[in-house]
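Asker: Would you be able to build a 3D model of this:
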Amino acid sequence: MIPIAAIFGLVVYFEWLYLQRNNRKRRTKWLVIAVACFLTLCIEVIYLFDEKLSLGILIDSIFSPIQKLLFA
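Answerer: Numbering: from 1, shown residues only. The predicted structure is shown next:
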């Protein structure tokens, strides 16, 4: 998780430098930083719950009761 946060930190830092150098509006800066923070949070959550948030488990939880009703 630390390497993921470090990589996103570098990306945000370079984005900030770009925005400062090109005199972007304050609203644009906040929007870029907010999106970067949101994406960082999403990546960290996906990393933490990688095993628990599986598509196979989701499909099984939806169709397993239906299969039991049909073939029981």
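Asker: residues making contact with the helix or strand where residue 66 lies?
Answerer: Using DSSP states H and E, residue 66 maps to helix 55-71. Outside helix 55-71, no residue is within contact range by Cβ atoms under 8 Å, 6 or more residues apart in numbering. Backbone N, C-alpha and C define where each C-beta goes, glycine included.
Asker: repeat for stretch 29-42
Answerer: With contacts defined as Cβ under 8 Å, 6+ apart, stretch 29-42 is touched by 4, 5, 8, 11, 12, 15, 16, 19.
Asker: element containing the fourth one, please.
Answerer: Under the criterion DSSP H and E, the helix or strand holding residue 11 is helix 2-21.
Asker: So which bits of that helix are buried?
Answerer: Neighbour-count burial for helix 2-21, with 16 or more other Cβ atoms under 10 Å as criterion, is recorded at 8, 12, 19.
Asker: so what's the second one closest to, chain neighbours aside?
Answerer: Spelled out, that is residue 12. Nearest in space to residue 12, with sequence neighbours left out and distances taken as Cβ to Cβ, 6 or more residues apart in numbering, is residue 36 at 4.7 Å.
Asker: what's the pLDDT at the one you found?
Answerer: On the pLDDT scale, residue 36 is placed at 90.
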